[in-house]
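J.: no sequence on this one, just coordinates:
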């Protein structure tokens, strides 16, 4: 179910996939507790962290084990899947391309070169 609209659609599945990608990148649960004790969903956390450097957003173990290009690729796909505008999210066939471990289908060459701040 789409968190923001309460509707169950193919695009809500894509949104859920984006949450899973965000969980994998950050190693945080979908609902996190902020420093002040307030609860926040992970997608809002990522939106608020847009301008932070990669090292501040992505889990340390992920940074050590994955290439920067792969991380950027997954982050870009997560951003696309978490778009609040349903029509802007990828289709189901394109949403899953981010799962390619070689990074050969998840983003174009230019997307892999973008800064993290423009990816999250």
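T.: Received the coordinates, thanks. Being a predicted model, the structure only gives us computed values, none of them experimental. Numbers count the residues shown, from 1 in each chain.
J.: pLDDT value on the residue nearest the centre of the chain, please?
T.: What sits nearest the mean C-alpha location of the chain, by C-alpha atoms, centre = their mean, is residue 78, with 2.5 Å. pLDDT, residue 78: 91.
J.: element containing the nearest residue to it once chain neighbours are set aside?
T.: For residue 78, the nearest residue in space outside its immediate sequence neighbours is residue 21; the separation is 3.9 Å by C-beta to C-beta, 6 or more residues apart in numbering. All C-beta atoms are positioned from the backbone trio N, CA, C, and that covers glycine. Taking DSSP states H and E as the criterion, the element that holds residue 21 is helix 10-26.
J.: so who does the residue nearest to residue 78 touch?
T.: With C-beta atoms under 8 Å, 6 or more residues apart in numbering as the criterion, the residues that contact residue 21 are 74-75, 77-78, 81, 98.
J.: next: residue 80.
T.: Neighbouring residues of residue 80 by C-beta under 8 Å, 6+ apart: 18, 88-90.
J.: from those, which land in helices?
T.: When helices are assigned by DSSP state H, the members of the contacts of residue 80 inside them are residue 18.
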